[in-house]
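Trainee: Kindly generate the corresponding structure for this input.
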Amino acid sequence: MDTGQGLVLLSVLVQSVGKVLYGTLLGGVPIALFVLLSFCLCAGVFLWVVRGHMPRVGRRHLVYLNLWTPLAFFTFFYALKHLPPAVVGAIEIGVSLVVASVLVGLRSHAWPRRLRFVVFTSIVFGCALVAASEVPDALAALDAPEVWLALLASAVAGVASVFTAATSRRLAAAGWSSATVLAHRFYVTIILALLLFPFEQSTLALPDPPVLALTLLVGAVGVLVPLLLFQMALRRIDELTLMICLAAQPLLSYFIALPSPAYDWNWVTLAGVGVVTGSLVLDVLASRRMTSVARPG
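Mentor: Next comes the predicted model:
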């Protein structure tokens, strides 16, 4: 496993912890408030780190990144409000993997190698299996429309995450550091969160200080640290490899969420998560073998 893959897997581990904490502890916190606090924290930290510096080259890509970022995160956290984290992760990864493979194929004018095609096909199948485990409950539940919207939001988050990663890679190629990207990518996200916050609750009053502190803590674990690790990894691997490494997320979310009283699980979910994770392991091992073969004597 190379450094880029290791950074992604570490990012996924930390984000999986953050997802479970969010779904377990912050069910009563409006999505817009969580996004607002988390990304103000993230932007504030990195604006201080880079002293507000913004390179001149690549600012057009920064505009695109500011547009893709809120779409990715608002849909993601909406889905987490109504679905278990492993289900959200499986759908998001499955969709993003298909989109990433198409983009990489178009850019290189070639299909992925046969083993990688088998890997991401298996991952998509596993993601579909995990999503299917939620459908019967959705049909029987009184809040079925919200659950179906959450399934759709998970897919949209997957598409947006691919374009977010691709745009971040272009900024990295233009000489932007990880800290500089994270300092300037959340302007539109913060503005939208400010605009949406009044519509999510009848009063503009903020939660009590302990809830605010807990929200900031979960935001640091689930947003700030994973994004930094993710941004560092983008400099070392392509989008398709990135998305395959992200396939570890459903398994980690599954086991991290087991102690939480907020989630129930069944064997179909576990089977789908197992397929996704097994496919990820196969790809990592195959990539390691190819690297060893390509390395001179």
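
Trainee: What's the first helix or strand after the helix ranked longest in the chain?
Mentor: For the chain, the helix with the greatest residue count under DSSP state H is helix 144-173. Scanning forward in sequence from helix 144-173, with DSSP states H and E defining helices and strands, the next element found is helix 178-184.

Trainee: how about the CA coordinates for the next helix or strand after that next one, as CSV?
Mentor: Under the assignment DSSP H and E, the closest C-terminal helix or strand after helix 178-184 is helix 187-200. Backbone C-alpha positions of helix 187-200 (Å, rounded to 0.1, in the frame of the first residue of the first chain) are rendered in CSV as follows:
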residue,chain,number,x,y,z
TYR,A,187,-17.2,30.3,0.9
VAL,A,188,-20.3,29.2,-1.0
THR,A,189,-21.0,26.4,1.5
ILE,A,190,-20.9,28.8,4.4
ILE,A,191,-23.1,31.4,2.7
LEU,A,192,-25.7,28.7,1.8
ALA,A,193,-25.7,27.3,5.3
LEU,A,194,-26.4,30.9,6.6
LEU,A,195,-29.3,31.2,4.2
LEU,A,196,-30.8,27.8,5.0
PHE,A,197,-30.4,27.9,8.7
PRO,A,198,-33.6,30.0,9.4
PHE,A,199,-35.7,27.6,7.3
GLU,A,200,-34.7,24.5,9.3
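
Trainee: Give me the helices and strands touching helix 187-200, please.
Mentor: Using 3 or more CB pairs under 8 Å, 6 or more residues apart in numbering; DSSP states H and E as the contact criterion, the secondary-structure elements in contact with helix 187-200 are helix 31-50, helix 59-82. Where you see a C-beta, it was placed from the backbone N, CA and C, and this is true even at glycine.

Trainee: Output the ones you listed in TSV; the columns should cover mean pLDDT and distance to Thr215.
Mentor: Below are the helices and strands packed on helix 187-200 laid out as TSV (pLDDT from 0 to 100; distance: least, CB to CB, whole Å):
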stretch	mean pLDDT	distance to Thr215
helix 31-50	90	5
helix 59-82	89	12
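
Trainee: so can I have a markdown table of these showing mean neighbour count and distance to Gln15?
Mentor: What follows is the helices and strands packed on helix 187-200, written out as a markdown table (neighbours: other CB atoms under 10 Å; distance: least, CB to CB, whole Å):
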| stretch | mean neighbour count | distance to Gln15 |
| --- | --- | --- |
| helix 31-50 | 20 | 12 |
| helix 59-82 | 20 | 10 |
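
Trainee: ok so, going back, okay, the angle between the longest helix of the chain and helix 59-82?
Mentor: Between helix 144-173 and helix 59-82, the angle formed by their directions is 150 degrees, by axes from the mean of the first three to the mean of the last three CA atoms, to 10 degrees.

Trainee: which parts of helix 144-173 are buried?
Mentor: Under the neighbour-count criterion of 16 or more other CB atoms under 10 Å, helix 144-173 has 146-147, 150-151, 153-172 buried.

Trainee: same for it, what does it pack against?
Mentor: Using 3+ CB pairs under 8 Å, 6+ apart as the contact criterion, the elements in contact with helix 144-173 are helix 59-82, helix 85-108, helix 114-140, helix 178-184, helix 239-245.

Trainee: if I look at the residue nearest to Thr189 when sequence neighbours are not counted, how far off is Leu192?
Mentor: Nearest in space to Thr189, with sequence neighbours left out and distances taken as CB to CB, 6 or more residues apart in numbering, is Pro70 at 4.2 Å. Pro70 is 5 Å from Leu192, where distance means CB to CB, to the nearest Å.

Trainee: which neighbours do those two share?
Mentor: A shared contact of Pro70 and Leu192, defined by CB atoms under 8 Å, 6 or more residues apart in numbering, is any residue touching both; here there are none.

Trainee: in the chain, which residue is closest to the centre?
Mentor: Nearest to the mean C-alpha position of the chain, by CA atoms, centre = their mean, lies Ser161 at 6.6 Å.

Trainee: looking at it, it is touching Ser96, isn't it?
Mentor: Yes - under the criterion of CB atoms under 8 Å, Ser161 lies in contact with Ser96, with a separation of 5.1 Å.

Trainee: before we move on, back to that, quick one, which of the helices and strands packed on helix 187-200 is nearest to Met232?
Mentor: Relative to Met232, the nearest member of the helices and strands packed on helix 187-200 by CB to CB is helix 31-50, separated by 12.7 Å.

Trainee: Give me the angle between the closest one and helix 59-82.
Mentor: Counting by the same axes, to 10 degrees, helix 31-50 lies at 140 degrees to helix 59-82.

Trainee: Perfect, I'm done here.
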